[in-house]
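[1] quick one, fold the following:
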Amino acid sequence: MIRSARTVSLAVLVLAAACGKPSAGPTPDATAKDVLIVGARVIDGTGAPGRVTSVRVIGDRIADIGNDLHQRQGETVVIGTGLVLAPGFIDTHSHADGALFEHRDALAAVSQGITTVVVGQDGGSEYPLADFFAHVQRDPATINVASYVGHGTVRDLVLGKDYKRVATPAEVLKMQALVEQEMRAGALGFSSGLEYDPGIYSDPSEVLALAKTAGSMGGRYISHMRSEDFAFWKALDELITIGRENHMPVQVSHIKLAMKASWGLGDSLIHVLDRARASGVQLTADIYPYTYWHSGMSVLFPHRDFDNRKSAAFALDQVVPADGLILASYGPKPEYNGKTLHEVAQSMSIDDTTALIELLKASEAAEASGDTAHSDNSIIATSMEEGDVAKLLAWPYADFCTDGELDGTHPRGYGTFTRIMGRYVRDQHVMPLEEAIRKATSLAAANVGIKDRGQITVGSYADLVLFDPQTIIDRATPKEPHLVSTGIRRVWVNGASVYEHEHTTDARPGRVLKRVMVTAAK
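    You can find the predicted model right below:
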């Protein structure tokens with residue numbers, strides 16, 4: 001994630017109330033056309049083996065499934081021979097909110113089979129969510145959207161510029177009131193980005209209290225933890241503690257082992273996750289299929305000691321090597337964009353450590369002066385080991401996410417799901433296709449609390465993706481992050497076709513998916 005808590009999000013989804021009864025859904029979208037999909041191998045999202053059959057969609061719902069379905073008058077027939085029909089993929093950690101209204105066709109998402117995104121991540125959400133949801137309803141996109149309420153957002157509202165400290169009990173109470181307000185507006189739960197400002201300065205007791213408020217209303221907790229590298233295990237323990245003490249579902253955002261000293265410990269991490277689940281903690285995770293992440297330079301300095309050569313040297317030794325750190329967007333000198341830190345250091349005739357300090361210093365100076373147009377310092381950093389990524393992708397309780405944007409500079413925004421289905425499933429056999437689709441659909445829906453989506457069953461919303469399992473693959477790279485995937489043939493959202501013939505359509509059937517309000521326990 002590269003946005004601060006002050007940046008906005010998008011959210012839309014109709015969830016079930018705490019009693020388990022589904023909320024009343026919206027009326028069928030005017031762009032939805034009755035369709036009969038025949039001859040495809042239907043993989044329904046449950047993990048069951050696929051089978052060749054037909055699926056009928058009427059309006060925004062799946063109306064029938066079977067081998068004896070015949071075309072009706074006015075019904076469009078889509079031939080799926082040799083293709084797979086699956087539920088639309090659910091991106092449980094998305095930053096599509098950053099440019100949703102500028103890219104309402106959501107090409108980055110639908111071209112890889114995504115039909116629903118969950119935003120408000122890493123502690124940053126739109127405020128107030130009620131206004132944001134209303135905006136989305138007035139000006140919908142191709143995709144469904146849901147949102148968390150962000151820790152950084154409510155902390156920013158209460159502490160303002162005086163955020164580099166522990167909050168007082170009175171301030172925590174004010175933040176809890178804001179969390180409750182946003183939960184009432186329909187947030188799925190509470191998110192945090194504890195490696196980022198302002199969340200990094202919070203005491204664990206503050207986060208525990210705010211998560212408890214969301215949990216008391218049936219919400220969940222999702223976290224970009226305090227550390228993904230040198231203090232990873234302690235950060236994971238904090239998240240597990242929140243789940244245990246608040247008796248609420250908790251999810252690790254984009255789980256990874258992002259420090260050289262931790263490489264190869266994928267099995268050990270899975271053992272810790274499984275042990276927590278066995279003890280009763282409702283612990284899950286999401287993950288993207290890349291060994292490199294995208295964020296700001298500041299995360300390389302967990303103590304925010306930006307001029308400390310020892311800290312900078314440690315980051316370049318253990319977290320990301322200078323030739324593996326790409327300047328994705330550098331405000332002070334855009335001519336550095338796309339170059340590695342090592343290349344920049346050579347051009348400056350200084351060593352890599354000094355270059356890192358100097359680049360961050362210039363960016364911080366621009367931000368301090370209010371020159372936000374030249375303060376950006378986002379980077380793409382290679383920090384993970386491929387074997388760990390594959391093991392964590394296969395963990396039964398990990399769903400898939402992009403952690404990407406609709407116009408971002410990391411290829412995950414355009415290629416995550418097709419990369420998994422092509423490289424990890426077809427080519428590397430990390431897991432069967434049925435399992436990968438389960439994780440991308442029904443497991444994703446369960447992990448964030450979405451109802452009536454993520455499975456091909458009669459009565460479910462018709463979010464569907466039709467793809468060729470032999471050709472599906474990502475094409476986006478760090479140098480060309482907006483290359484569209486291949487192999488995705490058709491995508492439907494709420495029964496309306498939004499992607500076909502490798503292009504988006506004019507349909508904008510996406511909806512806001514909200515959690516039905518549950519009264520907070522007093």
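[2] element containing Val55, please.
    Using DSSP states H and E, Val55 falls within strand 51-58.
[3] list the pairing partners of that strand within its sheet, with orientation.
    Strands that pair with strand 51-58, judged by DSSP bridges, come out as strand 35-42 (antiparallel), strand 61-66 (antiparallel).
[4] restricting to C-alpha, output the longest one in PDB.
    By that I understand strand 35-42. Only the C-alpha atoms of strand 35-42 are listed here, as PDB (Å, rounded to 0.1, in the frame of the first residue of the first chain):
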ATOM      1  CA  VAL A  35     -27.800 -15.300 -20.500                       C
ATOM      2  CA  LEU A  36     -27.300 -19.000 -20.800                       C
ATOM      3  CA  ILE A  37     -23.600 -20.200 -20.600                       C
ATOM      4  CA  VAL A  38     -23.200 -23.700 -22.000                       C
ATOM      5  CA  GLY A  39     -20.400 -26.200 -22.400                       C
ATOM      6  CA  ALA A  40     -18.000 -24.700 -19.800                       C
ATOM      7  CA  ARG A  41     -16.300 -26.600 -17.000                       C
ATOM      8  CA  VAL A  42     -18.000 -25.000 -14.000                       C
END
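[5] and the closest residue to Pro302 other than its chain neighbours, how far is that from Thr241?
    Closest residue to Pro302 apart from its sequence neighbours, by CB to CB, 6 or more residues apart in numbering: Ser227 at 6.4 Å. Using the backbone N, CA and C atoms, a C-beta is placed for each residue, glycine as well. Distance, Ser227 to Thr241, using CB to CB, to the nearest Å: 15 Å.
[6] neighbour-wise, which of these two wins?
    Ser227 (20 against 16; other CB atoms under 10 Å).
[7] contacts only, for that one.
    Going by CB atoms under 8 Å, 6 or more residues apart in numbering, Ser227 touches 195, 234-235, 302.
[8] show me what counts as buried in the strand holding Val55.
    Using 16 or more other CB atoms under 10 Å as the test for burial, strand 51-58 gives 53-58.
[9] what's in contact with that strand?
    32, 34-42, 62-67, 69, 75, 85, 456, 462, 464, 492, 495.
[10] make a ChimeraX selection of the buried ones in those residues.
    Those of the contacts of strand 51-58 that count as buried under 16+ other CB under 10 Å are selected in ChimeraX with:
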select :32,34,35,36,37,38,39,40,41,42,62,63,65,69,85,456,462,464,492,495
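[11] select, from the buried residues of strand 51-58, the two members most distant in space.
    Thr53 and Ile58 (16.8 Å; CB to CB).
[12] where does the chain dip in pLDDT?
    Counting by pLDDT under 70, the chain contains low-confidence residues at 1-31, 516-522.
[13] nearest the middle, which residue of it would you pick?
    The geometric centre of the chain, computed from its C-alpha atoms, lies nearest to His93 (CA atoms, centre = their mean), at 1.3 Å.
[14] identify the residues contacting that residue.
    His93 touches 118, 121, 222, 253-254, 286, 401-403, counting by CB under 8 Å, 6+ apart.
[15] which of those tops the neighbour count?
    Within these, most neighbours by other CB under 10 Å means Val118, with 34 neighbours.
[16] quick check, that residue in a strand?
    Yes - under DSSP: H, G, I helix; E, B strand; the rest coil, Val118 sits within a strand.
[17] quick one: contacts for it?
    11, 13, 90-94, 145-148, 188, 448 are the contacts of Val118 under CB under 8 Å, 6+ apart.
[18] what's the distance between it and Val145?
    For Val118 relative to Val145 (CB to CB), the value is 8 Å.
[19] just Phe301 next, same as before
    On the measure of CB to CB, Phe301 and Val145 end up 33 Å apart.
[20] the more surrounded of those two?
    Val145 (28 against 18).
[21] tell me the phi and psi of the more buried one?
    phi -140, psi 140 (degrees, to the nearest 10).
[22] wait, doesn't it sit right on Gly510?
    Yes - judged on CB atoms under 8 Å, Val145 makes contact with Gly510 at a distance of 6.4 Å.
[23] ok so the residue nearest to Pro302 is a strand residue?
    No - counting by three-state DSSP, Ser227 is not found in a strand; it is coil.
[24] Ala444 contacts Ile90, correct?
    Yes - applying CB under 8 Å as the test, Ala444 and Ile90 come out as touching, 3.8 Å apart.
[25] convert the C-alpha atoms of the strand holding Val55 to PDB, please.
    This file holds the C-alpha atoms of strand 51-58, laid out as PDB (Å, rounded to 0.1, in the frame of the first residue of the first chain):
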ATOM      1  CA  ARG A  51     -18.000 -30.400 -14.200                       C
ATOM      2  CA  VAL A  52     -19.200 -29.500 -17.700                       C
ATOM      3  CA  THR A  53     -22.700 -28.100 -17.400                       C
ATOM      4  CA  SER A  54     -24.800 -25.000 -18.200                       C
ATOM      5  CA  VAL A  55     -25.600 -21.900 -16.100                       C
ATOM      6  CA  ARG A  56     -28.600 -19.600 -16.600                       C
ATOM      7  CA  VAL A  57     -28.500 -16.000 -15.400                       C
ATOM      8  CA  ILE A  58     -31.700 -14.000 -15.100                       C
END
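[26] quick one: which of the contacts of Ser227 has the most company?
    Glu195 (24 neighbours).
[27] so how far is Val319 from it?
    12 Å.
[28] just the helices in the stretch 251-400 of the chain please.
    In the stretch 251-400 of the chain, the helices defined using DSSP state H, counting those that start in this stretch lie at 266-278, 309-314, 341-348, 352-368, 386-394.
[29] closest one to Gly296 among those helices?
    helix 352-368 (8.5 Å).
[30] what residues does the closest one touch?
    Residues contacting helix 352-368 (CB under 8 Å, 6+ apart): 297-298, 300-301, 306-307, 309, 312-313, 315-316, 322, 325, 327, 330-333, 336, 341-342, 344-345, 348, 350, 372, 374-377.
[31] brilliant, that's me finished.
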